[in-house]
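Novice: Requesting a structural model of the entry that follows:
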Amino acid sequence: MFRNASSTDLPAIITLLADDPIGATREVASKEMDQAYLEAFAAIEADPNQLLAVAVDDDGEVIGCLQLSFIPGLSRKGMWRGQIESVRIAASHRGGGLGAAMIEWAVEQAKEKGCGLVQLTSDKRRPDAIRFYERQGFVASHEGLKLDLS
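Specialist: This next block holds a predicted model:
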């Protein structure tokens with residue numbers, strides 16, 4: 001059900017990332033793959049502290065994705081953290097527990113890597129996603145800030 005993404009999954013992943021009002025303004029899902037996606041995938045695949053994962057149905061179709069980064073740190077006595085990003089479930093598969101199962105799987109991957117906590121951010125314009133993460137046990141314990149460099 002969950003596995004490491006391969007380069008052949010990239011079009012499906014980009015389609016998932018673009019399939020909401022926010023993602024549609026940031027992603028380019030087209031037949032001609034943007035070179036930036038190919039370069040990013042190559043960098044993720046080459047980095048042992050990055051895990052790009054997909055959820056697939058019984059036919060092998062990609063129906064979900066997420067990226068999990070393993071981050072070493074000095075604080076908290078050198079504790080590693082898992083950072084979950086880009087979580088998406090195909091619209092046709094939402095509400096059936098796949099998202100919760102994928103988050104649970106990612107948390108287990110972080111534990112296996114020796115992480116002491118898992119963190120994520122969600123855009124404030126996605127209140128349903130925030131409620132979903134809270135149901136999975138995540139707590140809004142910190143204020144997240146971003147600086148757009150584009």
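
Novice: residues near residue 54, how many?
Specialist: Residue 54 has 23 neighbours, counted by other C-beta atoms under 10 Å. Bear in mind the C-beta positions are built from the backbone N, C-alpha and C, glycine included.

Novice: Please tell me I have it right and it contacts residue 5.
Specialist: Yes. Residue 54 lies in contact with residue 5 (C-beta atoms under 8 Å); the separation is 4.8 Å.

Novice: joint contacts of the two?
Specialist: 13, 65 (C-beta atoms under 8 Å, 6 or more residues apart in numbering).

Novice: what helix or strand is residue 68 on?
Specialist: Assigned by DSSP states H and E, residue 68 belongs to strand 62-71.

Novice: ok, that strand: who's next to it in the sheet?
Specialist: strand 50-56 (antiparallel), strand 80-89 (antiparallel) (DSSP bridges).

Novice: Out of those strands, which is closest to residue 124?
Specialist: Among these, the nearest to residue 124 by C-beta to C-beta is strand 80-89 (15.8 Å).

Novice: hmm, back to that, can you give the contact residues for the strand holding residue 68?
Specialist: Contacts of strand 62-71 (C-beta under 8 Å, 6+ apart): 5, 9, 12-13, 16-17, 44, 49-57, 80-90, 92-93, 98-99, 102-103, 106, 109-110, 113, 115.

Novice: do stretch 43-51 as well
Specialist: Taking C-beta under 8 Å, 6+ apart as the rule, stretch 43-51 contacts 4, 7, 52, 67, 68, 69, 70, 71, 72, 109.

Novice: I'd say the first one and residue 53 touch.
Specialist: Yes. A contact is recorded between residue 4 and residue 53 when judged using C-beta under 8 Å, the distance being 6.1 Å.

Novice: neighbour count winner among these two?
Specialist: More neighbours surround residue 53 than the other of residue 4 and residue 53, with 20 against 11 (other C-beta under 10 Å).
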